[in-house]
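Undergrad: below is the sequence, then the predicted model.
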Amino acid sequence: MTGPGDPAPAPAPARAQEAERRWQLALVVGGVLVAGVGAKALLTDLRDEVLDVAIWSLAPVAVHDALLAPLAVAGAWLAARVLPRPAWPAVVGGALASAGLLAVGATVVGRPGAQESVPSLLDRSYGTGLVVALLVVWTVTAALAVVAVVRARRRRTGTATGT
């Protein structure tokens, strides 16, 4: 450790700095060459696969930003004006459960890739199952919302049950 009166450390010899810079340059050039070979392979040999991955990676983001997020904001705005405040948690839970069901169920509703000659896991009506699951979610959501509103009104009026 150097103090205020100690001399500054001696600079590294110029030859050592020069050698270090040559190594850095060689590593950078090597990295650029390897990246170039990889980019060429991606753009020529694997072009279709890269395009498929790009579409499957970017399409959900685009659908979310262009469709789902504005619908969620509009639905929340409408729900806040129409529903009583005690019902909001139940409705938010129902909306989240529905979003999860739709995200998972939408991938198999159209039975993509299913072939009549090849038995597969796509052996039932997933559209019907999705609709039934959504009906169950919103039936439970409505019941929970009604219970929450009734409890809140009883608390306000002082007619809580069991007292």
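TA: That came in fine, so what should we check first? Worth saying up front: this structure is predicted, and the values here are computed from it rather than measured.

Undergrad: can you give me the buried ones in stretch 129-144?
TA: By neighbour count on 16 or more other CB atoms under 10 Å, the buried set for stretch 129-144 is 130, 133-134, 137-138, 141, 144. No exception for glycine: its C-beta is placed from N, CA and C like everyone else's.

Undergrad: make JSON lines out of those and add secondary structure and pLDDT.
TA: Formatted as JSON lines, those follow (DSSP: H, G, I helix; E, B strand; the rest coil; pLDDT from 0 to 100):
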{"residue": "Leu130", "secondary structure": "helix", "pLDDT": "92"}
{"residue": "Ala133", "secondary structure": "helix", "pLDDT": "95"}
{"residue": "Leu134", "secondary structure": "helix", "pLDDT": "96"}
{"residue": "Val137", "secondary structure": "helix", "pLDDT": "97"}
{"residue": "Trp138", "secondary structure": "helix", "pLDDT": "97"}
{"residue": "Thr141", "secondary structure": "helix", "pLDDT": "97"}
{"residue": "Leu144", "secondary structure": "helix", "pLDDT": "97"}
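
Undergrad: quick check: the gap between Ala41 and Gly105.
TA: Note on Ala41: its distance to Gly105, by CB to CB, to the nearest Å, is 37 Å.

Undergrad: helix or strand next in line after the lowest-mean-pLDDT helix or strand in the chain, which one?
TA: Least confident helix or strand of the chain, by mean pLDDT, DSSP states H and E, is helix 47-63 with a mean of 82. Note on helix 47-63: by DSSP states H and E, the next helix or strand toward the C-terminus is helix 69-82.

Undergrad: alpha carbons only: can I get that next one in PDB?
TA: The C-alpha trace of helix 69-82 is given here as PDB (Å, rounded to 0.1, in the frame of the first residue of the first chain):
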ATOM      1  CA  ALA A  69     -52.400  -5.900 -22.900                       C
ATOM      2  CA  PRO A  70     -54.900  -3.300 -24.300                       C
ATOM      3  CA  LEU A  71     -57.800  -5.800 -23.700                       C
ATOM      4  CA  ALA A  72     -56.600  -6.300 -20.100                       C
ATOM      5  CA  VAL A  73     -56.400  -2.600 -19.500                       C
ATOM      6  CA  ALA A  74     -59.800  -2.000 -21.000                       C
ATOM      7  CA  GLY A  75     -61.300  -4.900 -19.000                       C
ATOM      8  CA  ALA A  76     -59.800  -3.600 -15.800                       C
ATOM      9  CA  TRP A  77     -61.100  -0.100 -16.500                       C
ATOM     10  CA  LEU A  78     -64.600  -1.400 -17.200                       C
ATOM     11  CA  ALA A  79     -64.600  -3.700 -14.200                       C
ATOM     12  CA  ALA A  80     -63.500  -0.900 -11.800                       C
ATOM     13  CA  ARG A  81     -66.500   1.100 -12.900                       C
ATOM     14  CA  VAL A  82     -69.100  -1.600 -13.000                       C
END
